[in-house]
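Asker: fold the stuff below for me.
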Amino acid sequence: MDHLRLNLFLLFLLFSFGYGETVIKLKKYVETEKSDLNLSQIADIKTENKSFLQFLSSIKVAENLKPGEKTTLTKNDIKNILKKNYVDPDSVTITGSSVALKRKEIIISKQTVKEKVSEYLKKKYKDINIESIDFSLKPFKPDSEYKIKIKERSKTTSRIYLTALVIQKGKEKKINISVRYKQMVDAPVPKKDLLRGQIIKEEDIEIKKVPAQRGIITDKKLLVGAVVRTTLKKGKPVKISMITPDYPVKRRSYVKVIYDRNGIKIEITGIALENGIIGQVIKVKNQSTGKILPCRVIGKNTVLFVGGL
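Answerer: Numbering: from 1, shown residues only. Model (predicted):
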């Protein structure tokens, strides 16, 4: 692989006019979990030649660092590494006298696993709020390079059950995890406290993600124009019982009743026996016959007959 990389770079040198201005700025200190490091991980590299940048970035500068191991690379060390990779160190500018390296003492703890679980869930589920991540684990040091893989076993309305697999040298350590969460929804909430008797205006509300719960209003059209029945708190979701909606159909008002079946469309006048919001089925009295009709509210003072005849 290194032989192929070298051949590609030599071809690059053959068909290019030079490196261009290149600056390698050594970092003062690098702490890493990796055992091997490339030049791009210990220095900031600037050059106008993208191919040369890619080659320099991939040059290996440290190998097989042990957990907890410390070492220092000097400017001369970097020059020697460049020479070994067929790069003339006099053709580049190296700033900084040295870089101190330390490989972190690796410990897999509850926090390590929780971070992986949170990352997995935030990527998979956009609209949940994690309340707790529950499992048991005694911190331990891995024997070698490792990775943590998260697998979902099942999901309920309030819990997600996962398995974390700590994989090292082909072996797996299983950790069973239970996550308690709340489903979040977009809902209109007051921008400020609204008092009883106030008429809610559009500028009084904003859309915010809140925990899903029974009875909260998610359509801001139901709030705008409605009257506050009990004080609404800033940022808190609103339930239908907290307001008197601006019903498109009001109880005891005259409404247009539409019958539309099999190509036959008839309109009659009725009297609403209930308040109704769009989509709600309410009782309407036929003004002529006195018969009670089930109707769905479809607009201002307009309903659609939904019963059978």
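Asker: can you pull the pLDDT of Ser57?
Answerer: At Ser57, the pLDDT value in this model is 94.
Asker: residue contacts, it?
Answerer: Ser57 makes contact with Asn38, Leu39, Ser40, Ile45, according to CB atoms under 8 Å, 6 or more residues apart in numbering. From N, CA and C alone the C-beta is placed, and that goes for glycine too.
Asker: next one: the nearest residue to the third one once chain neighbours are set aside from Leu82, what distance?
Answerer: Meaning Ser40. Nearest residue to Ser40, sequence neighbours excluded (CB to CB, 6 or more residues apart in numbering): Ser57, at 3.7 Å. From Ser57 over to Leu82 the distance is 13 Å, taken as CB to CB, to the nearest Å.
Asker: the top strand by length along the chain - contacts with which helices or strands?
Answerer: If each strand of the chain is counted by residues according to DSSP state E, the longest one is strand 171-190. With contacts defined as 3 or more CB pairs under 8 Å, 6 or more residues apart in numbering; DSSP states H and E, strand 171-190 has these neighbours: helix 110-124, strand 128-134, strand 159-168, strand 205-211.
Asker: just the helices from the protein, written as ranges.
Answerer: Assigned by DSSP state H, the chain shows helices spanning 2-15, 39-42, 50-57, 75-84, 110-124.
Asker: please identify the deepest-packed of the ones you listed.
Answerer: Most buried of the helices of the chain, by mean neighbour count (mean count of other CB atoms under 10 Å): helix 39-42, with a mean of 19.
Asker: so which residues lie in contact with it, not counting its own?
Answerer: 24, 26-27, 30, 32, 34, 45, 56-62, 73, 78, 81, 99, 101.
Asker: narrow those to just the buried residues.
Answerer: Neighbour-count burial (16 or more other CB atoms under 10 Å) applied to the contacts of helix 39-42 gives 24, 26, 30, 45, 56, 59, 61-62, 73, 78, 81, 99, 101.
Asker: okay, the residues you listed in TSV with distance to Ile200 next?
Answerer: Converted to TSV, those look like this (distance: CB to CB, whole Å):
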residue	distance to Ile200
Ile24	62
Leu26	61
Val30	56
Ile45	58
Leu56	62
Ile59	64
Val61	64
Ala62	64
Leu73	65
Ile78	66
Ile81	68
Val99	61
Leu101	61
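Asker: biggest separation within these, which pair?
Answerer: Largest separation among the buried ones among the contacts of helix 39-42 by CB to CB: Leu56 and Leu101, giving 18.0 Å.
Asker: can you give me the strands for the stretch 151-300 of the chain?
Answerer: For the stretch 151-300 of the chain, the strands defined by DSSP state E, counting those that start in this stretch occupy 159-168, 171-190, 205-211, 227-228, 243-244, 254-261, 264-272, 281-286, 292-299.
Asker: distance between the ends of stretch 52-61?
Answerer: 17 Å (CA to CA, to the nearest Å).
Asker: which residues does Lys234 contact?
Answerer: Neighbour list for Lys234: Val189, Pro190, Lys191, Lys192, Asp193 [criterion: CB under 8 Å, 6+ apart].
Asker: in these, find the pair that's most separated.
Answerer: Farthest apart among those by CB to CB are Val189 and Asp193. That separation is 11.3 Å.
Asker: more neighbours, these two?
Answerer: The neighbour count for Val189 versus Asp193, taken as other CB atoms under 10 Å, is higher for Val189 (23 against 13).
Asker: measure the nearest residue to that one once chain neighbours are set aside to Pro190 for me?
Answerer: Spatial nearest neighbour of Val189, chain neighbours left out: Lys208 (4.8 Å); criterion: CB to CB, 6+ apart. For Lys208, the distance to Pro190 equals 10 Å [CB to CB].
Asker: nothing else from me, thank you.
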